[in-house]
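Engineer: Sequence unavailable; structure follows:
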(Lines give C-alpha, C1' and ligand atoms only; values in the text may rest on other atoms or scores of the structure.)
Protein backbone atom coordinates (compact mmCIF):
# COMPACT_ATOMS: atom_id res chain seq x y z
CA UNK A 1 0.00 0.00 0.00
CA UNK A 2 1.33 3.44 -0.94
CA UNK A 3 1.79 5.75 2.06
CA UNK A 4 -0.37 8.86 2.43
CA UNK A 5 2.65 10.83 3.69
CA UNK A 6 6.21 9.98 2.75
CA UNK A 7 9.27 11.94 3.85
CA UNK A 8 12.80 10.74 3.11
CA UNK A 9 15.94 12.63 4.06
CA UNK A 10 14.24 16.03 4.06
CA UNK A 11 16.57 18.93 4.83
CA UNK A 12 15.94 22.64 5.33
CA UNK A 13 18.34 25.42 6.20
CA UNK A 14 17.55 29.04 7.11
CA UNK A 15 20.72 31.04 6.49
CA UNK A 16 23.27 29.27 8.75
CA UNK A 17 20.66 27.50 10.88
CA UNK A 18 19.96 23.87 9.96
CA UNK A 19 16.27 23.56 10.84
CA UNK A 20 15.80 20.06 9.39
CA UNK A 21 18.76 17.71 9.04
CA UNK A 22 17.23 14.36 8.14
CA UNK A 23 13.47 13.91 8.37
CA UNK A 24 12.28 10.45 7.37
CA UNK A 25 8.92 8.92 8.24
CA UNK A 26 5.64 7.91 6.61
CA UNK A 27 1.92 7.63 7.37
CA UNK A 28 -0.45 5.01 6.03
CA UNK A 29 -4.16 5.25 5.32
CA UNK A 30 -6.23 5.27 8.51
CA UNK A 31 -3.18 5.85 10.70
CA UNK A 32 -2.71 8.51 13.38
CA UNK A 33 0.88 9.69 13.65
CA UNK A 34 1.83 11.48 16.86
CA UNK A 35 4.56 14.01 16.08
CA UNK A 36 6.31 15.25 19.23
CA UNK A 37 9.40 17.14 20.25
CA UNK A 38 10.42 20.22 22.27
CA UNK A 39 10.01 23.78 21.03
CA UNK A 40 12.45 24.48 18.22
CA UNK A 41 12.87 20.80 17.33
CA UNK A 42 11.50 21.29 13.82
CA UNK A 43 7.87 20.13 14.10
CA UNK A 44 6.26 23.21 12.56
CA UNK A 45 8.96 23.49 9.90
CA UNK A 46 8.28 19.89 8.89
CA UNK A 47 4.53 20.55 8.73
CA UNK A 48 4.97 23.74 6.69
CA UNK A 49 7.17 21.79 4.31
CA UNK A 50 4.42 19.19 3.93
CA UNK A 51 1.90 21.95 3.24
CA UNK A 52 4.07 23.42 0.48
CA UNK A 53 4.54 26.67 2.39
CA UNK A 54 8.30 26.13 2.71
CA UNK A 55 10.44 24.63 -0.04
CA UNK A 56 12.80 21.92 1.20
CA UNK A 57 16.48 22.01 0.29
CA UNK A 58 16.83 18.26 -0.24
CA UNK A 59 15.05 14.95 0.16
CA UNK A 60 11.71 13.50 -0.85
CA UNK A 61 8.39 14.86 0.44
CA UNK A 62 5.13 13.51 -0.93
CA UNK A 63 1.46 13.40 0.04
CA UNK A 64 -0.86 11.05 -1.90
CA UNK A 65 2.18 10.21 -4.04
CA UNK A 66 2.47 13.85 -5.21
CA UNK A 67 5.30 16.28 -4.59
CA UNK A 68 4.31 18.65 -1.76
CA UNK A 69 5.86 21.70 -3.43
CA UNK A 70 5.05 21.12 -7.09
CA UNK A 71 1.57 19.69 -6.58
CA UNK A 72 0.49 21.64 -3.49
CA UNK A 73 -2.75 22.95 -5.03
CA UNK A 74 -3.97 19.45 -5.88
CA UNK A 75 -2.90 18.12 -2.50
CA UNK A 76 -4.71 20.87 -0.59
CA UNK A 77 -8.03 19.81 -2.09
CA UNK A 78 -7.81 16.60 -0.05
CA UNK A 79 -6.41 17.80 3.26
CA UNK A 80 -7.56 19.77 6.31
CA UNK A 81 -5.08 21.75 8.40
CA UNK A 82 -5.36 23.45 11.78
CA UNK A 83 -2.38 25.48 13.12
CA UNK A 84 -1.65 26.16 16.76
CA UNK A 85 -2.82 29.76 16.54
CA UNK A 86 -5.69 30.32 14.12
CA UNK A 87 -5.79 33.81 12.59
CA UNK A 88 -9.28 35.06 11.69
CA UNK A 89 -10.96 38.04 10.05
CA UNK A 90 -12.01 40.18 13.00
CA UNK A 91 -15.17 41.70 11.51
CA UNK A 92 -16.65 38.39 10.37
CA UNK A 93 -18.61 36.16 12.74
CA UNK A 94 -17.35 32.71 13.66
CA UNK A 95 -20.13 31.11 11.63
CA UNK A 96 -19.30 33.19 8.55
CA UNK A 97 -15.63 32.22 8.80
CA UNK A 98 -16.45 28.53 9.14
CA UNK A 99 -18.69 28.75 6.05
CA UNK A 100 -15.95 30.57 4.14
CA UNK A 101 -13.34 27.97 5.04
CA UNK A 102 -15.69 25.19 4.00
CA UNK A 103 -16.44 26.91 0.70
CA UNK A 104 -12.74 27.47 -0.02
CA UNK A 105 -12.15 23.77 0.62
CA UNK A 106 -14.85 22.89 -1.86
CA UNK A 107 -17.79 21.76 0.20
CA UNK A 108 -18.59 20.36 3.58
CA UNK A 109 -21.38 18.87 5.61
CA UNK A 110 -23.74 21.56 6.95
CA UNK A 111 -25.35 19.15 9.39
CA UNK A 112 -21.97 18.13 10.75
CA UNK A 113 -20.95 21.80 10.96
CA UNK A 114 -23.94 22.59 13.15
CA UNK A 115 -23.36 19.53 15.32
CA UNK A 116 -19.71 20.48 15.83
CA UNK A 117 -20.66 24.04 16.78
CA UNK A 118 -22.89 22.57 19.48
CA UNK A 119 -20.27 20.07 20.64
CA UNK A 120 -17.54 22.71 20.89
CA UNK A 121 -19.97 25.18 22.52
CA UNK A 122 -19.10 27.98 20.10
CA UNK A 123 -21.29 31.06 19.63
CA UNK A 124 -21.18 31.42 15.82
CA UNK A 125 -22.89 34.84 15.84
CA UNK A 126 -20.10 36.65 17.66
CA UNK A 127 -17.50 38.53 15.66
CA UNK A 128 -14.06 36.94 15.61
CA UNK A 129 -12.36 39.97 17.14
CA UNK A 130 -14.22 39.23 20.38
CA UNK A 131 -13.07 35.60 20.51
CA UNK A 132 -10.54 34.25 22.98
CA UNK A 133 -7.67 32.11 21.71
CA UNK A 134 -9.63 28.99 22.62
CA UNK A 135 -12.64 30.12 20.58
CA UNK A 136 -10.42 30.93 17.60
CA UNK A 137 -9.09 27.38 17.79
CA UNK A 138 -12.65 26.07 17.85
CA UNK A 139 -13.43 27.90 14.60
CA UNK A 140 -10.44 26.28 12.90
CA UNK A 141 -11.24 22.83 14.26
CA UNK A 142 -14.92 22.98 13.31
CA UNK A 143 -14.08 24.14 9.78
CA UNK A 144 -11.50 21.36 9.37
CA UNK A 145 -13.64 18.59 10.82
CA UNK A 146 -16.80 19.59 8.92
CA UNK A 147 -15.26 18.82 5.52
CA UNK A 148 -14.42 15.38 4.17
CA UNK A 149 -10.64 15.13 3.76
CA UNK A 150 -8.28 12.20 3.28
CA UNK A 151 -5.59 13.69 5.51
CA UNK A 152 -5.92 15.91 8.58
CA UNK A 153 -2.87 17.82 9.80
CA UNK A 154 -3.10 19.24 13.31
CA UNK A 155 -0.28 21.41 14.68
CA UNK A 156 -0.93 21.94 18.43
CA UNK A 157 -4.69 21.99 17.68
CA UNK A 158 -5.96 22.13 21.26
CA UNK A 159 -3.81 25.10 22.29
CA UNK A 160 -6.06 27.36 24.37
CA UNK A 161 -8.84 24.79 24.83
CA UNK A 162 -10.03 23.69 28.25
CA UNK A 163 -9.83 19.97 29.19
CA UNK A 164 -13.49 19.36 28.29
CA UNK A 165 -13.01 20.70 24.77
CA UNK A 166 -9.75 18.73 24.45
CA UNK A 167 -11.80 15.62 25.15
CA UNK A 168 -14.34 16.60 22.47
CA UNK A 169 -11.50 17.04 19.97
CA UNK A 170 -10.07 13.63 20.83
CA UNK A 171 -13.45 11.99 20.32
CA UNK A 172 -13.81 13.65 16.91
CA UNK A 173 -10.33 12.49 15.88
CA UNK A 174 -11.25 8.93 16.80
CA UNK A 175 -14.33 9.21 14.56
CA UNK A 176 -12.37 10.34 11.49
CA UNK A 177 -9.78 7.65 12.18
CA UNK A 178 -12.52 5.02 12.19
CA UNK A 179 -13.65 6.42 8.84
CA UNK A 180 -10.26 5.42 7.41
CA UNK A 181 -8.72 8.91 7.33
CA UNK A 182 -5.07 9.64 8.08
CA UNK A 183 -4.00 12.13 10.74
CA UNK A 184 -0.72 13.85 11.57
CA UNK A 185 -0.99 15.20 15.10
CA UNK A 186 1.65 17.45 16.57
CA UNK A 187 0.85 18.14 20.21
CA UNK A 188 2.52 19.18 23.43
CA UNK A 189 -0.17 17.32 25.36
CA UNK A 190 1.50 13.95 25.56
CA UNK A 191 -1.52 12.19 27.03
CA UNK A 192 -3.45 13.31 23.95
CA UNK A 193 -0.89 11.77 21.62
CA UNK A 194 -0.73 8.67 23.77
CA UNK A 195 -4.51 8.21 23.56
CA UNK A 196 -4.86 8.84 19.82
CA UNK A 197 -1.64 7.83 18.06
CA UNK A 198 -0.99 4.49 16.37
CA UNK A 199 2.65 5.41 15.91
CA UNK A 200 4.86 8.09 17.44
CA UNK A 201 7.58 10.08 15.70
CA UNK A 202 9.98 11.94 18.01
CA UNK A 203 11.98 14.82 16.56
CA UNK A 204 15.01 16.42 18.16
CA UNK A 205 17.15 19.21 16.67
CA UNK A 206 15.78 18.63 13.18
CA UNK A 207 16.28 14.86 13.18
CA UNK A 208 13.98 11.92 13.85
CA UNK A 209 15.39 10.17 16.92
CA UNK A 210 12.70 7.49 17.44
CA UNK A 211 9.71 6.19 15.53
CA UNK A 212 7.39 3.27 16.13
CA UNK A 213 4.24 2.14 17.89
CA UNK A 214 3.87 2.92 21.58
CA UNK A 215 4.37 -0.76 22.31
CA UNK A 216 7.62 -0.79 20.33
CA UNK A 217 8.94 2.34 22.02
CA UNK A 218 7.99 1.44 25.57
CA UNK A 219 10.85 -1.05 25.84
CA UNK A 220 13.11 2.02 25.89
CA UNK A 221 11.59 3.29 29.14
CA UNK A 222 11.22 2.01 32.65
CA UNK A 223 8.22 0.90 34.65
CA UNK A 224 7.86 2.16 38.24
CA UNK A 225 7.54 -0.72 40.70
CA UNK A 226 6.14 -0.58 44.23
CA UNK A 227 7.02 -3.80 46.03
CA UNK A 228 6.33 -5.25 49.47
CA UNK A 229 7.68 -8.63 50.59
CA UNK A 230 7.80 -10.69 53.77
CA UNK A 231 11.60 -10.83 53.66
CA UNK A 232 14.27 -8.13 53.39
CA UNK A 233 14.24 -6.97 49.78
CA UNK A 234 17.44 -4.92 49.83
CA UNK A 235 19.11 -7.46 47.50
CA UNK A 236 16.76 -6.28 44.74
CA UNK A 237 18.70 -3.01 44.68
CA UNK A 238 21.75 -4.62 43.08
CA UNK A 239 19.98 -6.53 40.31
CA UNK A 240 20.61 -5.57 36.69
CA UNK A 241 17.88 -3.33 35.33
CA UNK A 242 16.87 -1.83 38.70
CA UNK A 243 17.26 1.95 39.06
CA UNK A 244 16.44 4.69 41.59
CA UNK A 245 15.88 2.14 44.36
CA UNK A 246 14.26 3.69 47.45
CA UNK A 247 13.69 1.35 50.42
CA UNK A 248 10.90 2.63 52.68
CA UNK A 249 11.57 -0.05 55.26
CA UNK A 250 13.01 -3.56 55.31
CA UNK A 251 10.00 -4.98 53.47
CA UNK A 252 8.92 -2.10 51.16
CA UNK A 253 10.61 -0.34 48.26
CA UNK A 254 9.92 1.74 45.18
CA UNK A 255 12.18 1.58 42.13
CA UNK A 256 12.19 1.88 38.36
CA UNK A 257 12.97 -1.12 36.18
CA UNK A 258 13.98 -1.74 32.59
CA UNK A 259 11.18 -3.60 30.82
CA UNK A 260 13.70 -6.01 29.32
CA UNK A 261 14.68 -7.15 32.84
CA UNK A 262 11.15 -7.48 34.20
CA UNK A 263 11.07 -11.29 34.29
CA UNK A 264 14.46 -11.69 35.97
CA UNK A 265 13.71 -9.10 38.67
CA UNK A 266 10.27 -10.51 39.45
CA UNK A 267 11.70 -14.03 39.65
CA UNK A 268 13.99 -12.86 42.45
CA UNK A 269 11.17 -10.92 44.11
CA UNK A 270 8.97 -14.03 44.28
CA UNK A 271 11.67 -15.77 46.35
CA UNK A 272 11.18 -13.05 48.98
CA UNK A 273 7.43 -13.85 49.30
CA UNK A 274 5.58 -10.99 47.62
CA UNK A 275 2.84 -9.31 49.65
CA UNK A 276 2.08 -6.41 47.32
CA UNK A 277 3.21 -5.51 43.82
CA UNK A 278 2.24 -2.50 41.71
CA UNK A 279 3.75 -1.85 38.28
CA UNK A 280 3.03 1.46 36.51
CA UNK A 281 3.92 1.15 32.81
CA UNK A 282 5.98 3.87 31.18
CA UNK A 283 4.07 6.67 29.50
CA UNK A 284 4.87 8.65 26.39
CA UNK A 285 6.01 11.44 28.70
CA UNK A 286 8.67 9.12 30.15
CA UNK A 287 9.92 8.44 26.66
CA UNK A 288 9.87 12.12 25.82
CA UNK A 289 11.83 13.10 28.93
CA UNK A 290 14.38 10.38 28.33
CA UNK A 291 15.48 12.18 25.16
CA UNK A 292 15.16 15.79 26.29
CA UNK A 293 15.74 15.98 30.04
CA UNK A 294 19.39 16.92 29.47
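Structural biologist: In hand now; what should we look at? The structure presented is a predicted model; accordingly, all values stated were derived computationally and were not measured.
Engineer: how far out from the middle of the chain is stretch 89-109?
Structural biologist: Relative to the chain's own centre, stretch 89-109 is displaced by 27 Å; criterion: C-alpha atoms, centre = their mean, to the nearest Å.
Engineer: Going by neighbour count, which residues of that stretch are buried?
Structural biologist: For stretch 89-109, the buried set under the neighbour-count rule, 16 or more other C-beta atoms under 10 Å, comprises 92-99, 101-102, 105, 108. Glycine gets a C-beta too; all of them are placed from N, C-alpha and C.
Engineer: same thing with stretch 153-167?
Structural biologist: Per 16+ other C-beta under 10 Å, stretch 153-167 contains these buried residues: 153-161, 165-166.
Engineer: For that stretch, which outside residues touch it?
Structural biologist: 43-44, 47, 50-51, 79-85, 120-121, 132-134, 136-138, 140-141, 144, 169, 173, 183-189, 192 (C-beta atoms under 8 Å, 6 or more residues apart in numbering).
Engineer: After the helix or strand hosting residue 103, which helix or strand is next?
Structural biologist: Element membership for residue 103, per DSSP states H and E: helix 94-105. Moving toward the C-terminus from helix 94-105, the next helix or strand (DSSP H and E) is helix 110-119.
Engineer: what angle sits between that next one and helix 94-105?
Structural biologist: 140 degrees (axes from the mean of the first three to the mean of the last three C-alpha atoms, to 10 degrees).
Engineer: Could I get the buried residue list for helix 110-119?
Structural biologist: Applying 16+ other C-beta under 10 Å to helix 110-119 flags 112-113, 116-117, 119 as buried.
Engineer: Going by distance to residue 19, which of these wins?
Structural biologist: residue 116 (34.3 Å; C-beta to C-beta).
Engineer: circling back to that earlier point, among the buried residues of stretch 153-167, which are located in strands?
Structural biologist: Among the buried residues of stretch 153-167, the residues falling in strands (DSSP state E) are 153-155.
Engineer: Could I get those in JSON lines, plus columns for pLDDT and distance to residue 255?
Structural biologist: Below are those laid out as JSON lines (pLDDT from 0 to 100; distance: C-beta to C-beta, whole Å):
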{"residue": "153", "pLDDT": "97", "distance to residue 255": "41"}
{"residue": "154", "pLDDT": "96", "distance to residue 255": "38"}
{"residue": "155", "pLDDT": "93", "distance to residue 255": "38"}
